[in-house]
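# what shape does this take:
(chains A and B)
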Amino acid sequence: MILIFCQYFLREFEISTSQVTDILSQLGFFMLIMMLFPLTLGPNPNKLSEYGIALVWIAAFVSVVPAYDRLFTDDYLHGFIEKAAHNDQPLGCYAAAKCLCFFLVTTIPLLIILPVICTMIGLNLSIFFELAISLVLGLFGMTLLGGIASGLVLGARRAAILAAVLVLPLSLPIIIFGCMAGIALIETTPIKPYISIMIAMDLSLIVLAIPIMQLSLKNAIENS
Amino acid sequence: MFNYLANPTRFRKIASFILPFLEVICLLSLGYGLYLALLVSPADYQQGDAVRIMYVHVPSAWLALSSYLLLGICSFFFLIWRHPLAEIAARSIAPIGTGFAALTLITGSLWGKPIWGVWWVWDGRLTSMLVLFFFFIGYISLSNAFDRSERGARPAAILALVGCINLPIVKFSVDWWHTLHQPASIMRSGGISIDTAMLWPLLTLFFSFQIFFIIIVLTRMLTLLNELKYFKQISRS
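Numbers count the residues shown, from 1 in each chain, chains lettered A, B, ... in the order given. Next up, the predicted model:
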């Protein structure tokens, strides 16, 4: 099982790192969203740093959501999922590897660019580490939810917007606790309870999301 | 019991038999409830006549919540036992639940304007009702997103179950988010105990709304069954 997982993971990793433009365009989208906030809220640095953490969260979430529909779509259209199911390989393993790879590919570039964004928006860099941890936890849960949505919309019309409509209401708890952690950071109150809740949500999502993704992938190839 | 009712022909027979009775009960109880609510029950000493919005608002909120629960139960039955009727039931419940959620939000904001002075506040309960509304929207758009309509049934059922797990978490996190940031100022939850003069019309109206809900769901289910039968005949000929 672990071996199959590693094989899938390596395959996914190679594919996604060979498509550097995809990663860059997503990063550019994130920065563009961040650029919109000073233009709409006004350039006042106090205001920007007050809302900073919420803005980073919104931009991070909104920039990954449009990518969710292509999480499984390519493999579905090329018949890779069908082939894997035909060879009696566990689809849950495939889905987990895909999600992990997607998570790494979207989050690591974002973390690299994050200090720059923080400075631009006037956030103190001393909180960068904690902010990055909460953002990583949030994006991890978000990726699993995105995997569920992406599995469900396989073969649907206008799948991209549909996946976004499905993901955003489901992701509200993650966003709420993530932003509360950020607010606690600024107010220098302990953030550990929020981080613990986010870890708990992520772990329970791992348990729930993988069978659900397996079910929906299986359903998609049976009825295609 | 489920196996007995799961036969579409038998279901159709029973449903069309009990529908007229339900309609009569609904009309009577609705009339009586409205009479109690609008004429007999006293106006609130603080809110005046605006309190009468409650008699529509509260039953529709209860119905919106319970219809999501029912949607989840039907989806569960459909996923596990592949009952065709469960899918049809889920498909008929969803738009009605959306309607009741929307009605709750609209009457709530109509009620909020004279009492609180604003149409909308980001209170825990309001926000979670809005989220419920979006869950319904997601369910409906997913089940209609496929070119063959029966293809959408299973993804939508999975989504409804995920929503059933997620909804309590959303509710709890929204409540927590609210209570941490501002003290509960407007909605004193559990603080107001209701007088029997108001409780009785509320319960009557709730009962009639419930019957109304059942009537609409049964009618929609019968229509969907007829539609299925029609398409089957077309494809055969």
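
# which bits of chain A sit near chain B?
A:148, A:152-153, A:155-159, A:162, A:165-166, A:168-170, A:172-173, A:176-177, A:180, A:201, A:208, A:212, A:215-216, A:219-220, A:223 (Cβ under 8 Å from any Cβ of the partner chain). For glycine as for every other residue, the C-beta is placed from the backbone atoms N, C-alpha and C.

# which among those count as buried?
Buried subset of those (neighbour count, 16 or more other Cβ atoms under 10 Å in any protein chain shown): A:148, A:152-153, A:155-156, A:159, A:162, A:165-166, A:168-170, A:172-173, A:176-177, A:180, A:201, A:208, A:212, A:215-216, A:219-220, A:223.

# in which helix or strand would I find the residue nearest the centre of chain B?
Chain B has residue B:64 as the residue nearest its centroid, 2.7 Å off, counting by Cα atoms, centre = their mean. Following DSSP states H and E, the helix or strand that holds residue B:64 is helix B:54-81.

# quick one: mean pLDDT over that helix.
In this model, helix B:54-81 carries a mean pLDDT of 90.

# would you mark the buried spots in the helix or strand following it?
Using DSSP H and E, the helix or strand that follows helix B:54-81 in sequence is helix B:84-116. Neighbour-count burial for helix B:84-116, with 16+ other Cβ under 10 Å as criterion, is recorded at B:85-94, B:96-105, B:107-108, B:111-112.

# so for residue A:65, what's the nearest residue that isn't a sequence neighbour?
Excluding its sequence neighbours, the residue lying closest to residue A:65 (Cβ to Cβ, 6 or more residues apart in numbering or on different chains) is residue A:164, at 4.8 Å.

# which residues touch the one you found?
Applying Cβ atoms under 8 Å, 6 or more residues apart in numbering or on different chains to residue A:164 gives the contacts A:65, A:66, A:68.

# how far does stretch B:14-26 sit from its chain's centre?
Remark: stretch B:14-26 is offset 20 Å from the chain centroid, using Cα atoms, centre = their mean, to the nearest Å.

# how about residues contacting that stretch?
Stretch B:14-26 is contacted by residues B:5, B:208, B:211, B:212, B:214, B:215, B:218, B:219, B:221, B:222 when judged by Cβ under 8 Å, 6+ apart.

# again, only using 7 Å
For stretch B:14-26, the external contacting residues (Cβ atoms under 7 Å, 6 or more residues apart in numbering or on different chains) are B:208, B:211, B:212, B:214, B:215, B:218, B:221, B:222.

# name the element the first one belongs to?
Spelled out, that is residue B:208. Per DSSP H and E, residue B:208 falls inside helix B:196-236.

# from the contact counts, what lies against that helix?
Applying 3 or more Cβ pairs under 7 Å, 6 or more residues apart in numbering or on different chains; DSSP states H and E, we find helix B:196-236 packed against helix B:8-35, helix B:54-81, helix B:84-116.

# run the contact check for the second one versus chain A.
No - residues of helix B:54-81 are not located near chain A by Cβ under 7 Å from any Cβ of the partner chain, the shortest gap being 8.3 Å.

# how about that helix: buried residues?
The neighbour-count check on helix B:54-81 (16+ other Cβ under 10 Å) flags B:54-61, B:63-65, B:67-68, B:70-79 as buried.

# surely the residue nearest to the centre of chain B and residue B:100 touch.
Yes - with contact defined as Cβ atoms under 7 Å, residue B:64 counts as touching residue B:100 (4.1 Å).

# report the angle between the axes of the helix holding residue B:208 and helix B:54-81?
Angle, helix B:196-236 to helix B:54-81, by axes from the mean of the first three to the mean of the last three Cα atoms, to 10 degrees: 40 degrees.

# in chain B, where is pLDDT below threshold?
Within chain B, the segments meeting pLDDT under 70 span B:1-5, B:178-195.

# do that again at 80, thanks
B:1-8, B:40-51, B:115-117, B:122-125, B:149-150, B:170-198, B:237 (pLDDT under 80).

# which residues touch stretch A:211-219?
Where contact means Cβ under 7 Å, 6+ apart, the residues beyond stretch A:211-219 that reach it are A:72, A:81, A:85, A:91-92, A:95, A:147-148, A:151-152, B:154-155, B:158, B:162.

# which of those residues lies closest to residue B:133?
Distance to residue B:133, by Cβ to Cβ, is smallest for residue B:162 among the contacts of stretch A:211-219, at 16.7 Å.

# assign that closest one to helix, strand or coil.
Three-state call for residue B:162 (DSSP: H, G, I helix; E, B strand; the rest coil): helix.

# count of neighbours near it?
For residue B:162, the count of nearby residues is 24 (other Cβ atoms under 10 Å in any protein chain shown).

# tell me if I'm right that it and residue A:148 touch.
Yes - judged on Cβ under 7 Å, residue B:162 makes contact with residue A:148 at a distance of 6.3 Å.

# name the helix or strand for residue A:130, please.
Following DSSP H and E, the helix or strand that holds residue A:130 is helix A:128-152.

# buried ones in that helix?
By neighbour count with 16+ other Cβ under 10 Å, helix A:128-152 contains the buried residues A:128, A:130-132, A:134-152.

# out of the contacts of residue A:164, grab the one that's most surrounded.
residue A:68 (26 neighbours).

# so who does that residue touch?
A:146, A:149, A:150, A:163, A:167.

# against residue A:159, how distant is it?
Plainly put, residue A:68 is 9 Å away from residue A:159 if you go by Cβ to Cβ, to the nearest Å.

# one more: residue A:41?
32 Å.

# got any ranges where chain A has weak pLDDT?
Within chain A, the ranges that satisfy pLDDT under 80 run A:1, A:69-70, A:88, A:124, A:223-224.

# now do the helices in it.
For chain A, applying DSSP state H gives helices covering A:2-18, A:20-41, A:45-64, A:70-78, A:80-86, A:91-121, A:128-152, A:159-170, A:172-186, A:192-222.

# packing partners of the second one?
Packing partners of helix A:20-41 (3+ Cβ pairs under 7 Å, 6+ apart): helix A:45-64, helix A:91-121.

# wait, which of those helices is closest to residue B:117?
Closest of these to residue B:117 is helix A:45-64, at 26.1 Å (criterion: Cβ to Cβ).

# residues contacting the closest one, please?
The contact list for helix A:45-64 (Cβ under 7 Å, 6+ apart) reads A:26, A:29-30, A:33-34, A:37-38, A:41, A:106, A:110, A:117, A:121-123, A:131, A:135, A:139, A:142, A:171, A:175, A:178-179, A:182-183, A:186.

# ok, residue A:5 - how many residues close by?
For residue A:5, using other Cβ under 10 Å, the count is 16.

# now do the contacts for it.
Contacts of residue A:5 (Cβ under 7 Å, 6+ apart): A:93, A:96, A:97.

# ok, these vs residue A:1, which is closest?
For those, the nearest to residue A:1 is residue A:93 (6.3 Å; Cβ to Cβ).
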